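>>> I would like the atomic coordinates for the input below:
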Amino acid sequence: MSRQTVKLIAVDMDFTLLDDNKQVSPASLAAIRFAAARGVQIVPDTGRAPRSIPGELLAMPEIQYAITMNGSRVDRLRPGKELLAANAIPYETAIPLLQALKTEETLLTLFIDGVPYINRDEYPKIRQFVRPEDIRYMMESRTPTDSVMEELAKAPDRLFKISVLIPHCADKEAMKNSIRIKFPTVSVAESNRVIEITDAAADKGNAVLQLAGLLGIAPEETAAIGDSNNDLSMIQKAGVGAAMQNASPDVKAAADFITEADNNHDGAAEAIYRLLRL
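Here you go, the predicted structure:
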């Protein structure tokens, strides 16, 4: 594979491009600029809402596109913002799904039109459900509201993702399997101990190929870098898949190569430079 073959690199955010403190290193920023100067699109491909992508990335002129909420949205960021593609959970599916998910043992976030809403009376539960190092990010990134269901009623065709936090002792596999059986038209993934639900047509890999098609880039000219199981689809569907040293066993098994460094030691930058040398 020649260097010119890779024209688009999709990069996961948390525990891939970002370190454990949710920061982007100078080396990673330099790698993005290096790739862009050679005509390669670097595309954040994340489970986050658009507004939760770190500001230093959104401010970079080199970052022109973003895939968010596990492939539910594809946006052009510049020149001029434009929603290029979207796959929302249908309202008629969302209502019974949310009723099934809503228990005392869950904490739900509804990503409606790019805003992550959480019920105000459940907002304090973040401290109970989230790892101590993630509490600040979760509290700052969520938008409390009196009723997530009322927010959904205002934009019934704009529910792009549901994230489900459950206690550490709970059986996540049993919950994921139950959702898949009862609601076959949704996709269920897990990222860093959070269950993430999107429309079945939405996944990170499909979104990479969708954006590539819009840009006239062939599937074999794409690459993806990730760590968690919600990154599997893009690792598998991109022309080249790179797993971080800190990736899950499933992601490492699916990848074409594994970085020597983890997310705290510029593993994403290492992967970008390696992809440009292929």
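>>> residue ranges for the strands of the protein, please.
8-11, 41-44, 65-68, 73-76, 82-86, 107-112, 115-119, 143-145, 159-165, 186-191, 194-199, 222-226, 240-243, 257-258 (DSSP state E).
>>> For the third one, list the C-alpha coordinates in PDB.
This means strand 65-68. Backbone C-alpha positions of strand 65-68 (Å, rounded to 0.1, in the frame of the first residue of the first chain) are rendered in PDB as follows:
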ATOM      1  CA  TYR A  65     -15.400  16.900   9.200                       C
ATOM      2  CA  ALA A  66     -16.700  15.000  12.200                       C
ATOM      3  CA  ILE A  67     -18.500  11.800  12.900                       C
ATOM      4  CA  THR A  68     -20.300  11.800  16.200                       C
END
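>>> helices and strands around that strand, which ones?
Strand 65-68 is packed against strand 41-44, strand 73-76, helix 204-214, with contacts defined by 3 or more C-beta pairs under 8 Å, 6 or more residues apart in numbering; DSSP states H and E. In this view, the C-beta of every residue, glycine as well, is placed from N, C-alpha and C.
>>> Now tell me which helix or strand of this protein has the poorest mean pLDDT.
Sorted by mean pLDDT, DSSP states H and E, the helices and strands of the chain end with helix 126-129, the least confident at a mean of 86.
>>> Would you mark the buried spots in that one?
For helix 126-129, a neighbour-count test (16 or more other C-beta atoms under 10 Å) marks 126, 129 as buried.
>>> For that helix, name the packing helices and strands.
helix 135-141.
>>> So which bits of the helix it packs on are buried?
Buried, per 16+ other C-beta under 10 Å, within helix 135-141: 137, 138, 141.
>>> sorry, back to before: who wins for proximity to residue 82 among the helices and strands packed on strand 65-68?
With C-beta to C-beta as the criterion, residue 82 lies closest to strand 73-76 of those, at 4.4 Å.
>>> Where does the prediction get shaky in the protein?
Within the chain, the segments meeting pLDDT under 70 span 1-4, 104, 168-170, 192, 278.
>>> With only the CA atoms kept, save the least confident helix or strand of the chain in PDB.
What follows is helix 126-129, C-alpha atoms only, in PDB (Å, rounded to 0.1, in the frame of the first residue of the first chain):
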ATOM      1  CA  ILE A 126     -23.600  10.700  38.000                       C
ATOM      2  CA  ARG A 127     -21.300  10.600  41.100                       C
ATOM      3  CA  GLN A 128     -22.700   7.200  42.000                       C
ATOM      4  CA  PHE A 129     -22.500   5.600  38.600                       C
END
